[in-house]
Each structure stands twice: as C-alpha cells, then as structure tokens.
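Novice: Sequence isn't available, so here's the structure alone:
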C-alpha cells in the first residue's frame, strides 16, 4: 500500500487560488498547516517547503508592531535574573523561549537537548505570533545555540531570528566554570565543561552574525553587569 497523501497538499492549488492576499488570512492558513498531521517523509518535506514560503511572507509582519529585545546566552548564564531587573525598571514584559515553546511538552527540562530543531523553532514562532501584542515592549530570553539530540551544540537557523525581528540583542556571557557550578546545582545533572565552553563560543559567534545580518545593535553583558543595558534602554 502506498503512502497516504496529506489532504491539505492535494487541495493546495484550489485553496491558494481562492485565498485573498490579506496576511491575516495567510496567518490562519499557516497555523492550520502547523497543526495538521504529516503522513510520510516525502510529504513532510513538501509540507515544510510550503510552510516556509508562507511564513516568510507573514511572520515578520505580525511581529513588527511589538518591540522585541532578544536576550541571548547559554543555559545558566543568568538571563532570568538579568531580565527581572530590567522588567521592573523599564516596564518590559519578560518572555522566555522555554515558556513560549512549552518546553516540558517537547523535551526533558534537565538534559536541555532538542530532538527536532526545525519543528521546535517553528513552534516558537507560531506561539509568539499568538502571544505578542501591538506596541508592547518585550524582553525575549532565549538562545542562539542549543544542544541537539546527541548533546552536540548547534546554531539555531538565521530564519528564526529574521522572523522574531528583534530591534537589538543583549548577549550575556560568564566564566564557564561559574556556569557549570550553577547548572549542576540547578538541574542536578552532570555537565561537561568543554561542552559549555564550546556552546558559549558558538553563542557569541552566532549572536554577532545575527546582529550583522539584521543590522541591529548587540550589547555583550559580561558577568551580569547590566549598566550597558541600562544606558541603552534609557535612550530607547
């Protein structure tokens, strides 16, 4: 018996021909596609190609009404504490990528590994478009790199940050030994110091790449010294 074909794909020419050009209509189509089942590897590839074509047109549009500062840094670097201080002082709303993703539903919260990078980032963008409010200021606490299912650090695709469309980046860094101590205490798990160092190197490298690609400012916050961020936000 051959593979079943996703009915949405069979109907695509008719559906697309009938669609108005309005982006809100396209947004509903994208969300419907994201929530639909995928029935084979071949169908899944076609599904994702079509999904990205639609996403490229609408997701940055949906987020441009909000001001998002992306707060990057590896696990244990202190993003939560940093964001709490800025939220109180400057009336930002603090969102964490883990909460937006509903991380507990897709991964073990202790091992920090991601099984499927593509679907995880698509889920992040989908959920953000439903959370963000026009004219609201946000600190989005997330990562530029994550561990894949084999525990190897991997950069998150540029497309994710293009769709988030941040106005600037705060990148938190810290001594790897301090991060290791925090993670062992917080997660009760064993971490490898070399992996932490490698991850932070990739985090810094990719954050700078995204800053250049989006032509937005990047501020490196070392050891949770937030003075640089305060000076920037006072003039924002």
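Specialist: Happy to help now that I have it. The structure displayed is predicted, hence computed values, not measured ones.
Novice: where do the helices sit along the protein?
Specialist: 7-10, 12-18, 23-34, 41-63, 79-90, 97-101, 117-131, 158-164, 176-187, 193-214, 227-234 (DSSP state H).
Novice: weakest of the ones you listed in terms of mean pLDDT?
Specialist: Across the helices of the chain, helix 12-18 has the smallest mean pLDDT, namely a mean of 37.
Novice: Contact partners for the closest residue to residue 127 other than its chain neighbours?
Specialist: Distances taken as C-beta to C-beta, 6 or more residues apart in numbering put residue 100 closest to residue 127, at 4.8 Å, once the chain neighbours are dropped. Heads up, the C-betas are built off the backbone N, CA and C, glycines and all. Applying C-beta atoms under 8 Å, 6 or more residues apart in numbering to residue 100 gives the contacts 124, 127, 128, 131, 140.
Novice: go on, residue 142?
Specialist: 70, 71, 72, 96, 97, 124.
Novice: Okay, the last one and residue 215: tell me how far apart.
Specialist: Going back to what we said before, that points to residue 124. Using C-beta to C-beta, to the nearest Å, one obtains 22 Å as the distance from residue 124 to residue 215.
Novice: got it, and the second one?
Specialist: Separation of residue 71 from residue 215 (C-beta to C-beta): 19 Å.
Novice: Which residue of these two possesses the greater neighbour count?
Specialist: residue 71 (30 against 6; other C-beta atoms under 10 Å).
Novice: What residues are bridge-paired with the nearest residue to residue 220 once chain neighbours are set aside?
Specialist: Among residues not flanking residue 220 along the chain, residue 171 sits closest, at 4.9 Å (C-beta to C-beta, 6+ apart). Listed beta-bridge partners, residue 171: residue 72, residue 220 (assigned using DSSP bridges).
Novice: pretty sure residue 171 is touching residue 205, no?
Specialist: No. Taking C-beta atoms under 8 Å as the definition, residue 171 is not a contact partner of residue 205, at 10.6 Å.
Novice: Could you pull up the contacting residues of the residue nearest to residue 220?
Specialist: Counting by C-beta under 8 Å, 6+ apart, residue 171 touches 72, 73, 144, 203, 204, 207, 218, 219, 220, 221.
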